[in-house]
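A.B. asks: just to be clear, the model below is a prediction. Sequence and coordinates:
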Amino acid sequence: PASAVNQNMGQKPTSKTTPVAEKTAPQQQSKPTPKKRSKGKMVLFSILGGLLTIAIIAGVLFLNWYNSPEQKILRALDTDDYDTALSIYENELGGKSSGAFVDALEKRIETAKENFINESLSYESTMQELFTIEEMNVSDVERLLFEAKEEVDVLNNSRLAFKTAESFFANKNYPEAMTHYRQVIEADGNYETATKKLSDAENMYRQETLNQAAEYAAKMLYSEAILELDTGLQNLPDDADLVAQKKVYEADYAEQLCAEALTEAEEYAQAADYTNAVKVIQHALENASENAKLKAAYQKYSDAYVADEIAKADKLIADYDFDGAIAILKDALKILPEDSKLADKLQLIETNKPIALTSIHVVDSLFYETGSGSDTFGNSYDNTISVGSYNLRSGYVIYNLNGKYDTLQFTIAASSNINGWKYDDPDEIKVYADNVLIYAKKLDLTTPPETVTLKILDCKVLKIERGDARNKGNRLPLIADPIVFKINMG
């Protein structure tokens, strides 16, 4: 074939002709091919590597988180290791806080409060934890801390009040039990029990009070019965039963006081002791102001008392003791301060009580002097009148009395300032009321002092004159302590 020829062209012929077999190209020895990895395994390895990386990172982060000051503080708080918590906060956080830390503290505060409310944590432990958190001075939780402590305190006080009330109730001290039951708040789990026990205590106390008051009343000790009910009303204000019973005993007491007071007052009146008669009735009226018998007796004895006191005052005035009369009337007005008769009489006496003659207006005078002096018997006087002079022994003084007085009183004496005056040279003093001579007195050095009282009713002009004697001297007569007043006051 042509193909064979073509293939053999250029080939050297062999000596022996043999069939030429078709030569085939020698095959190259193939290299062993590597085994290929599956895609699934590659993905798995990638995932495992990533997870390992993540785990390492997470572990590092966890360790960082776990060992962070905030977490160490919270773990310390969880084990009630407050000293460690405070030390970490101050030394590792430097007193600064993060948002996560604030959130954790807030949760811790709420948990402590709730544990106290449900009674799984004591008051002391709760407050210890709250105070420890407070010492950290984290401003973001200050208000929550304050509110938590206040709520815990209020609830604790309520529980203590309930416990105390139970003790008083068991000992039948119902007033104290009531006081403490009322202090139990609605948030307290004891509230319903306290409300019921309060009602029981009130009922028992009310009955005790009524029974005790009834015992007093049975013995006619109405004041003690009323006092017992008043005490009860302090613990049970406006209690209808106590108020109603008190009114009954007050009426009984008023009748008792009325009868006793009328008897006692009449005994005083029979002895003319109107002062005590009036006082007895006054005291009775304090508890029975509308009692007709007491009011009539009060009027009767008051009238007698006023008349008696005015009569005493008039007697003292007749003895020229105006100060004594004024004192009596002032004392009487302390007992009957609203009595118009006593008040009018006092005003009249004070208006007309003695005044110094030297204080009244002088119309005319001649050689007239006022001052102090002494008499030949060694008596001294603060207010004196002298008239006359060395050369003209005559002298006078005229006062305008305007008819306001009915009595003139003074002491007549010989002045110790005799200035050469002799024993045998008498001198004379004369007194005129509206130009009518009403008094004349001659005296010398041996004349003792004498108190003179003259009636000068309706006198308008009063004149005191020194008469003319034989010899000249130095104003021998001395008029001491001259006063004018009105006894007849109508």
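C.D. replies: Yep, it's here.
A.B. asks: only C-alpha atoms for contact and neighbour calcs from this point on.
C.D. replies: Will do.
A.B. asks: if I look at the residue nearest the centre of the chain, how far off is residue 209?
C.D. replies: Most central in the chain under C-alpha atoms, centre = their mean is residue 234, positioned 19.4 Å from the mean C-alpha point. Distance of residue 234 to residue 209, given as C-alpha to C-alpha, to the nearest Å: 12 Å.
A.B. asks: with residue 462 instead?
C.D. replies: Counting by C-alpha to C-alpha, the gap from residue 462 to residue 209 is 79 Å.
A.B. asks: mind checking which of the two has more residues around it?
C.D. replies: residue 462 (22 against 18; other C-alpha atoms under 10 Å).
A.B. asks: isn't the more buried one right up against residue 398?
C.D. replies: Yes. Counting by C-alpha atoms under 8 Å, residue 462 touches residue 398, with 5.6 Å between them.
A.B. asks: common neighbours of these two, please.
C.D. replies: Counting by C-alpha atoms under 8 Å, 6 or more residues apart in numbering, residue 462 and residue 398 have no shared contacts at all.
A.B. asks: start and end of stretch 110-126, how far apart?
C.D. replies: 11 Å.
A.B. asks: one more: stretch 125-143?
C.D. replies: 20 Å.
A.B. asks: could you list the buried residues of that stretch?
C.D. replies: 126-127, 129-130, 133, 136, 138, 141 (16 or more other C-alpha atoms under 10 Å).
A.B. asks: including distance to residue 81, could these go into TSV?
C.D. replies: Rendered in TSV, the data for those read as follows (distance: C-alpha to C-alpha, whole Å):
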residue	distance to residue 81
126	13
127	14
129	10
130	13
133	12
136	14
138	18
141	20
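A.B. asks: ok, and for stretch 111-121, which residues are buried?
C.D. replies: Neighbour count says stretch 111-121 has 112-114, 116-117 buried, by 16+ other C-alpha under 10 Å.
A.B. asks: for this protein, give me the ranges with low pLDDT.
C.D. replies: For the chain, the stretches flagged by pLDDT under 70 are 1-38, 77, 80, 82, 95-98, 389-393, 418-426, 468-476, 490.
A.B. asks: which helix runs longest in it?
C.D. replies: helix 240-270 (DSSP state H).
A.B. asks: if we can go back for a sec, now, the most widely separated pair of the buried residues of stretch 125-143?
C.D. replies: 126 and 138 (18.2 Å; C-alpha to C-alpha).
A.B. asks: what about residue 119, which SS state?
C.D. replies: When classified by DSSP: H, G, I helix; E, B strand; the rest coil, residue 119 comes out as coil.
A.B. asks: so what does it have for phi and psi?
C.D. replies: Main-chain dihedrals, residue 119, degrees, to the nearest 10: phi 70, psi 30.
A.B. asks: quick check: it vs residue 107, distance?
C.D. replies: Separation of residue 119 from residue 107 (C-alpha to C-alpha): 18 Å.
A.B. asks: for residue 116, same thing?
C.D. replies: From residue 116 to residue 107 the distance is 14 Å (C-alpha to C-alpha).
A.B. asks: same question, residue 408
C.D. replies: Residue 408 is 103 Å from residue 107, by C-alpha to C-alpha.
A.B. asks: these two - which one has more neighbours?
C.D. replies: Neighbour count, other C-alpha under 10 Å: between residue 408 and residue 107, residue 408 has more, with 20 against 12.
A.B. asks: tell me the contacts of the more buried one?
C.D. replies: Residue 408 touches 453-456, 482-485, counting by C-alpha under 8 Å, 6+ apart.
A.B. asks: go with 10 Å
C.D. replies: 354, 356-357, 452-457, 462, 482-486 (C-alpha atoms under 10 Å, 6 or more residues apart in numbering).
A.B. asks: quick check: closest non-adjacent residue to it.
C.D. replies: Among residues not flanking residue 408 along the chain, residue 484 sits closest, at 4.5 Å (C-alpha to C-alpha, 6 or more residues apart in numbering).
A.B. asks: just checking: what are the partner strands of the helix or strand harbouring the one you found?
C.D. replies: Using DSSP states H and E, residue 484 sits in strand 477-485. Note on strand 477-485: by DSSP bridges, its sheet partners are strand 355-356 (antiparallel), strand 380-387 (antiparallel), strand 407-414 (antiparallel).
A.B. asks: residues making contact with the shortest one?
C.D. replies: Residues lying outside strand 355-356 but in contact with it, judged by C-alpha under 10 Å, 6+ apart, are 383, 408-410, 481-485.
A.B. asks: any chance you could map the helices in the stretch 51-200 of the chain?
C.D. replies: 69-78, 82-91, 99-117, 123-135, 142-170, 174-181, 191-218 (DSSP state H, counting those that start in this stretch).
A.B. asks: looking at those helices, which is closest to residue 362?
C.D. replies: Comparing these under C-alpha to C-alpha, the one sitting nearest is helix 191-218, at 75.3 Å.
A.B. asks: how about that closest one: buried residues?
C.D. replies: Neighbour-count burial for helix 191-218, counted by 16+ other C-alpha under 10 Å, picks out 191, 194-195, 197-198, 201-202, 205-206, 209-210, 213-214, 216-217.
A.B. asks: how many neighbours does the residue nearest to residue 408 have?
C.D. replies: Considering only other C-alpha under 10 Å, residue 484 is surrounded by 25 other residues.
A.B. asks: is it correct that residue 177 is in contact with residue 167?
C.D. replies: Yes. Look at residue 177 against residue 167 with C-alpha atoms under 10 Å: they come within range, at 7.7 Å.
A.B. asks: now the common contact residues for the two.
C.D. replies: By C-alpha under 10 Å, 6+ apart, the residues touching both residue 177 and residue 167 are residue 161.
A.B. asks: could the buried residues of stretch 111-121 go into a markdown table alongside distance to residue 260?
C.D. replies: Output for the buried residues of stretch 111-121, formatted as a markdown table (distance: C-alpha to C-alpha, whole Å):
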| residue | distance to residue 260 |
| --- | --- |
| 112 | 70 |
| 113 | 67 |
| 114 | 68 |
| 116 | 65 |
| 117 | 64 |
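A.B. asks: show me the two of those residues that sit farthest apart.
C.D. replies: Using C-alpha to C-alpha, the buried residues of stretch 111-121 span at most 8.7 Å, a distance reached by 112 and 117.
A.B. asks: need the residues touching each of those two.
C.D. replies: 123, 152.
A.B. asks: before we move on, back to that, so which of the strands paired with strand 477-485 is the most surrounded?
C.D. replies: With neighbours taken as mean count of other C-alpha atoms under 10 Å, the strands paired with strand 477-485 reach their highest mean count in strand 407-414, at a mean of 21.
A.B. asks: out of the helices of the stretch 51-200 of the chain, nearest to residue 448?
C.D. replies: Of all those, helix 191-218 sits nearest to residue 448, with 74.5 Å by C-alpha to C-alpha.
A.B. asks: tilt between the closest one and helix 142-170?
C.D. replies: Orientation of helix 191-218 against helix 142-170 (axes from the mean of the first three to the mean of the last three C-alpha atoms, to 10 degrees) gives an angle of 40 degrees.
A.B. asks: tell me what helix 191-218 is packed against?
C.D. replies: Applying 3 or more C-alpha pairs under 10 Å, 6 or more residues apart in numbering; DSSP states H and E, one finds that helix 191-218 contacts helix 142-170, helix 174-181, helix 222-235, helix 240-270.
A.B. asks: any idea of the angle the longest one forms with helix 222-235?
C.D. replies: Direction vectors for helix 240-270 and helix 222-235, defined by the same axes, to 10 degrees, enclose an angle of 150 degrees.
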